[in-house]
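Peer 1: no sequence on this one, just coordinates:
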């Protein structure tokens, strides 16, 4: 077993697993146990989000026009979170690299994360392909390709042509440093952050004041996230109300087999494939999913995985993953580890082929699979990325009609919820795997948190707001706690 190099592992003995920390006391399943037990069931964020999703669906079904008008509630929430995503990534990555001071370790983390991403997304792609080939979700639709209206998907096709692999790689490098933050695209921000962190490392002692300042700024940005998280249930209510009101329950019934296939494959991929990977790392998929259940539900309701990047990064650090691994792997994963999108693409291609009664040869299927490995990255971070990736894939072999994408328009919003939640879950587990692989994870801390024995932060207690969990790092430890720990060590010696 590798010796943990994460500084939190070295400091772990100074704090007893069940010692409450002043000013935190978060937790609905651990930490300050008595407070957690007194917390009312309805005060838990994941419970509120579940109720909000159900209520939104009912409103959208009973009052479609009113439900459609609720869309701004979800949009404002998403914009509020995305507003601070770029600064949080910048400060986290820069501080992580600068404090680490070892550029070879940065390269090691980067290479191993890319290897994991490619393997995981390939498995997701193949799993979706085999399931669609087995279930045949498009059988019996008998759509006539000549009846498709190309205008319905013209916008996606245009975006696909402008998102080639070369264009994607060039877009990683921003035209200016401020341009990366102005557009809010993750990869350019990550590129600037890594370059800045490397330069700050080279500055040595002269860069320490700037590192301290960026570390303080990071806490402020997480505080902004805490404020926005007050409105997470309201955003889930509005987003689900719009989805059901605009597209109707009828689209669910019409494409129930397709939706069930997508949901089933995503569940199998997360529980079985990623569950086995986590088991090999010494963790339980059930406990990890329970720990991140609030983030998964919010992403499912809002259909945007990026909204939970700040909370996910904070909770991963608390779980024992080193800050540099979290800062590098999470932003990269949201462009290169699109497991849910890969499943959606493979099922979507075969669905269109089956719905239009077009038989694909084995060679054509292999060609499409290879192209999808590339196009799933080329459309990363673009609105409607799944549709755009499919629009870029279909013309490759010239057999499937691009207009066939119109068949997916009515159901795409529901499938977007599934793929967003799968993407986020895959990136969370990917970060844990890379941290374990590189020996930078405090395994003992992870088990304490997952078992509910050390839940100092991240979850709101009964006397705190539900959004308080977004800000969990670097809260001051009380003098009483430090004094008690010092006395314990003195007595032991």
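Peer 2: Arrived safely, thanks for sending. What you see is a predicted model; the values in this text were computed from it and never measured.

Peer 1: contacts and neighbour counts: CA atoms only from here.
Peer 2: Noted.

Peer 1: count of neighbours near residue 238?
Peer 2: Neighbours of residue 238 under the rule other Cα atoms under 10 Å: 30.

Peer 1: my guess is it meets residue 70, correct?
Peer 2: Yes - when contacts are counted by Cα atoms under 8 Å, residue 238 is listed as touching residue 70 (4.7 Å).

Peer 1: neighbours of the nearest residue to residue 255 once chain neighbours are set aside, just the number please.
Peer 2: The shortest distance from residue 255 to any non-neighbouring residue, by Cα to Cα, 6 or more residues apart in numbering, is to residue 411 (7.1 Å). Residues within reach of residue 411, counting by other Cα under 10 Å, total 23.

Peer 1: Would you check that residue 411 makes contact with residue 257?
Peer 2: No - assessed by Cα under 8 Å, residue 411 is found out of contact with residue 257, at 11.3 Å.

Peer 1: quick one, what contacts residue 277?
Peer 2: Applying Cα atoms under 8 Å, 6 or more residues apart in numbering to residue 277 gives the contacts residue 433.

Peer 1: now it: how far from residue 325?
Peer 2: 18 Å (Cα to Cα, to the nearest Å).

Peer 1: Could you do residue 193 as well?
Peer 2: Going from residue 193 to residue 325 by Cα to Cα gives 14 Å.

Peer 1: Can you report how many residues neighbour residue 116?
Peer 2: Neighbours of residue 116 using other Cα under 10 Å come to 18.

Peer 1: Show the pLDDT at the nearest residue to it once chain neighbours are set aside.
Peer 2: Computed as Cα to Cα, 6+ apart, the closest residue to residue 116 that is not its neighbour in sequence is residue 430, at 7.2 Å. Here, the pLDDT recorded for residue 430 equals 94.

Peer 1: What is the burial count for residue 430?
Peer 2: Residue 430: 23 neighbours (other Cα under 10 Å).

Peer 1: repeat for residue 258
Peer 2: Neighbour tally, residue 258, other Cα under 10 Å: 23.

Peer 1: do the same with the one 4 residues further on
Peer 2: Other residues lying near residue 262 total 24 when counted by other Cα under 10 Å.

Peer 1: per-residue pLDDT, it?
Peer 2: So, for residue 262, pLDDT stands at 92.

Peer 1: Am I right that it is in contact with residue 343?
Peer 2: Yes - the pair residue 262 / residue 343 is scored as a contact, 7.2 Å apart, by Cα under 8 Å.

Peer 1: residues shared between the contacts of these two?
Peer 2: The contact sets of residue 262 and residue 343 overlap at residue 128 (Cα under 8 Å, 6+ apart).

Peer 1: which residues of the stretch 301-450 of the chain score low on pLDDT?
Peer 2: Within the stretch 301-450 of the chain, the ranges that satisfy pLDDT under 70 run 375-388, 392, 395-398.

Peer 1: which residues in it form helices?
Peer 2: Counting by DSSP state H, counting those that start in this stretch, the stretch 301-450 of the chain has helices at residues 309-318, 323-336, 339-355, 362-378, 385-393, 406-437, 443-450.

Peer 1: I'd like these written out as CSV, with distance to residue 293 added.
Peer 2: Formatted as CSV, these follow (distance: least, Cα to Cα, whole Å):
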stretch, distance to residue 293
helix 309-318, 11
helix 323-336, 17
helix 339-355, 17
helix 362-378, 26
helix 385-393, 24
helix 406-437, 10
helix 443-450, 12
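
Peer 1: For residue 127, which of the ones you listed is the nearest?
Peer 2: Closest approach to residue 127 among the helices of the stretch 301-450 of the chain (Cα to Cα): helix 339-355, 7.2 Å.

Peer 1: For that closest one, which residues meet the burial criterion?
Peer 2: Judged by neighbour count (16 or more other Cα atoms under 10 Å), helix 339-355 contains these buried residues: 339-355.

Peer 1: how much does that helix deviate in direction from helix 362-378?
Peer 2: Put simply, helix 339-355 runs at 140 degrees to helix 362-378, going by axes from the mean of the first three to the mean of the last three Cα atoms, to 10 degrees.

Peer 1: Quick check, residue 89 in contact with residue 325.
Peer 2: No - if you go by Cα under 8 Å, residue 89 and residue 325 don't touch, sitting 12.0 Å apart.

Peer 1: how about the helices of the stretch 301-450 of the chain, which one is nearest residue 291?
Peer 2: helix 443-450 (6.7 Å).

Peer 1: The host helix or strand of residue 116 to helix 362-378, inter-axis angle?
Peer 2: Using DSSP states H and E, residue 116 sits in helix 103-135. Per the same axes, to 10 degrees, the angle that helix 103-135 makes with helix 362-378 is 140 degrees.

Peer 1: Next, the buried residues of helix 103-135.
Peer 2: Buried positions in helix 103-135, judged by neighbour count with 16+ other Cα under 10 Å: 106, 109-110, 112-114, 116-118, 120-129, 131-133.

Peer 1: Neighbours of residue 297, how many?
Peer 2: Look at residue 297: counted by other Cα under 10 Å, it has 23 neighbours.

Peer 1: Assumed it was part of a helix.
Peer 2: Yes - counting by DSSP: H, G, I helix; E, B strand; the rest coil, residue 297 falls inside a helix.

Peer 1: so who does it touch?
Peer 2: 46, 49-50, 421.

Peer 1: could you redo the last one with a cut-off of 10 Å?
Peer 2: Contacts for residue 297 (Cα atoms under 10 Å, 6 or more residues apart in numbering) come out as 45-50, 53, 232-233, 236, 303, 417, 421.

Peer 1: So for these, which is the shakiest by pLDDT?
Peer 2: By pLDDT, residue 46 ranks lowest within the contacts of residue 297, coming in at 73.
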